[in-house]
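Trainee: Here's a sequence, model it:
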Amino acid sequence: MELFEQPIYFLYFIGALAAVGIIFWSGRKLKARVLSALFGPLAYRRLLGGEDAFKKLKTVLFLLGLFFLFTALAKPQWGLEIVKAEGNFVQAVIAIDVSASMRARDVQPDRLTSAKNMLRMLISHLKNERIGLIAFTSEAFVQCPITTDEEALKYFISSLNTDMIPSAGTSLAAPVKLAAHMLSKYPGKKALILLTDGEDHEPQELKEAQTIAQKEGIKIIAIGIGTTQGELIPQRTDVSGRILEYKKDREGKTVVTKLDEKSLAALAAATEGVYIKYTTPAQVAEKVEQAMRNLDRSRSAASARAGYKNRYQIPLFLAILCLAGWILLPYRPKAVQKK
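Mentor: Alright, predicted model coming up:
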């Protein structure tokens, strides 16, 4: 725990104290020179009657008031409180393909790494929205529930790899159905950002998934990564990343993975979404952000969090009290003032 949220203000206090000291000292010297020039060298001491207790007390009150004022600005904090926030959020789910075909290197350094770089950039652009994360092959699993926590999303994106789900193959229907379930409690238009090479080994289920997405008001933003010419899939590599073996099918033939733009474009069109061909992380992130601009926002509570309670009121009250005393207190009692 840090006792002060903004301790930098204590450095500002030291600067203010030095400035006040210089102004006071300069003013005192100037006043002495003027009185000495007009009435003689002993005039200043006689006219002011020397230092008295009330004058010293006023100085102390002023300095204490200044100190307490800067202490309030430093925001002292202690004691925990639950902070709840509300906001208007767009709801979306990101589904990323982590099947073996995402190891292909027709996009450098490989499909999955490029996809992760783009998603981290996209999350930074959508940090004020509510986003969830799904990883899928022929099955789909929630990696991060729908949240506004940017750092949590980036952590789960960084942990994605092609060995995390043992199920082989790819199903586009699986992430669509899971995303529909995650987004079902939110009203209005939502989005599923589907990032894959488009190969679907279970196309018979895709029509049902499209119907579910349409019913739930989910707009699919499909991002196709890879090339239509195709690429071999690395199976084994050495420590330097050099490919030792390529993936083969059951018949011993080397597998070639190709981007299926037609399937992804059709899926996006069926849900009034958009298809985006992967180019660079920045360009794709910008296009996705543009595609999400007409989504509905819903007002709901953000995640509650524990925070330290701000106690600035205490030093602020003391500052007001001291400065009021400094203003109202006379330099010396009238009874002892010389006529």
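
Trainee: I'd like to know how many residues surround the nearest residue to N294 once chain neighbours are set aside.
Mentor: Leaving aside its sequence neighbours, N294 sits nearest to K189 (C-beta to C-beta, 6 or more residues apart in numbering; 7.3 Å). Any C-beta I mention is one placed from the backbone N, CA and C, and that applies to glycine too. K189 is flanked by 18 other residues according to other C-beta atoms under 10 Å.

Trainee: got it, and D296?
Mentor: Neighbours of D296 under the rule other C-beta under 10 Å: 14.

Trainee: Neighbours of S158, how many?
Mentor: 11.

Trainee: for H125, same thing?
Mentor: With other C-beta under 10 Å as criterion, H125 counts 14.

Trainee: Pass me the low-pLDDT residue ranges in the stretch 1-150 of the chain, would you?
Mentor: Along the stretch 1-150 of the chain, segments meeting pLDDT under 70 span 1, 35, 38-53, 80-87.

Trainee: quick revisit: for L122, see how far away the residue nearest to N294 is.
Mentor: 18 Å (C-beta to C-beta, to the nearest Å).

Trainee: same deal with D163?
Mentor: Counting by C-beta to C-beta, the gap between D163 and L122 amounts to 24 Å.

Trainee: Who has more neighbours out of the two?
Mentor: Under the criterion of other C-beta under 10 Å, the comparison of D163 against L122 puts L122 first, with 27 against 8.

Trainee: That one - nearest residue in space that isn't next to it in sequence?
Mentor: A285 (4.3 Å).

Trainee: secondary structure class for the one you found?
Mentor: Under DSSP: H, G, I helix; E, B strand; the rest coil, A285 falls in the helix class.

Trainee: Domain map for this protein?
Mentor: 8-81+307-336, 86-301 (automatic domain parsing).

Trainee: how about a markdown table for the ones you listed, with distance to E2 added?
Mentor: Below are the domains of the chain laid out as a markdown table (distance: least, C-beta to C-beta, whole Å):
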| stretch | distance to E2 |
| --- | --- |
| domain 8-81+307-336 | 7 |
| domain 86-301 | 20 |
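
Trainee: Quick check: which of the ones you listed is buried the most?
Mentor: Neighbour counts (mean count of other C-beta atoms under 10 Å) averaged over each of the domains of the chain peak at domain 86-301, with a mean of 18.

Trainee: Centre of the chain to that one, how far?
Mentor: 22 Å (C-alpha atoms, centre = their mean, to the nearest Å).

Trainee: all helices for the stretch 201-339 of the chain, in order.
Mentor: Assigned by DSSP state H, counting those that start in this stretch, the stretch 201-339 of the chain shows helices spanning 206-215, 261-270, 281-291, 313-328.

Trainee: Distance to E251 added to those, as TSV?
Mentor: Listed next are these as TSV, based on distance: least, C-beta to C-beta, whole Å:
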stretch	distance to E251
helix 206-215	26
helix 261-270	24
helix 281-291	36
helix 313-328	77
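
Trainee: For my notes, please list those in JSON lines and give distance to G15 and mean pLDDT for each entry.
Mentor: Shown next, in JSON lines, are the helices of the stretch 201-339 of the chain (distance: least, C-beta to C-beta, whole Å; pLDDT from 0 to 100):
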{"stretch": "helix 206-215", "distance to G15": "60", "mean pLDDT": "89"}
{"stretch": "helix 261-270", "distance to G15": "59", "mean pLDDT": "91"}
{"stretch": "helix 281-291", "distance to G15": "42", "mean pLDDT": "93"}
{"stretch": "helix 313-328", "distance to G15": "17", "mean pLDDT": "90"}
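
Trainee: Any idea which of these gets closest to K116?
Mentor: helix 281-291 (9.3 Å; C-beta to C-beta).

Trainee: Run the angle between the closest one and helix 261-270 for me.
Mentor: Relative orientation of helix 281-291 versus helix 261-270 (axes from the mean of the first three to the mean of the last three C-alpha atoms, to 10 degrees): 30 degrees.

Trainee: what helices or strands is helix 281-291 leaning on?
Mentor: Contacts defined by 3 or more C-beta pairs under 8 Å, 6 or more residues apart in numbering; DSSP states H and E place helix 281-291 against helix 111-125, strand 218-224, strand 274-277.

Trainee: can you redo these as a markdown table with distance to T59?
Mentor: Formatted as a markdown table, the helices and strands packed on helix 281-291 follow (distance: least, C-beta to C-beta, whole Å):
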| stretch | distance to T59 |
| --- | --- |
| helix 111-125 | 52 |
| strand 218-224 | 67 |
| strand 274-277 | 69 |
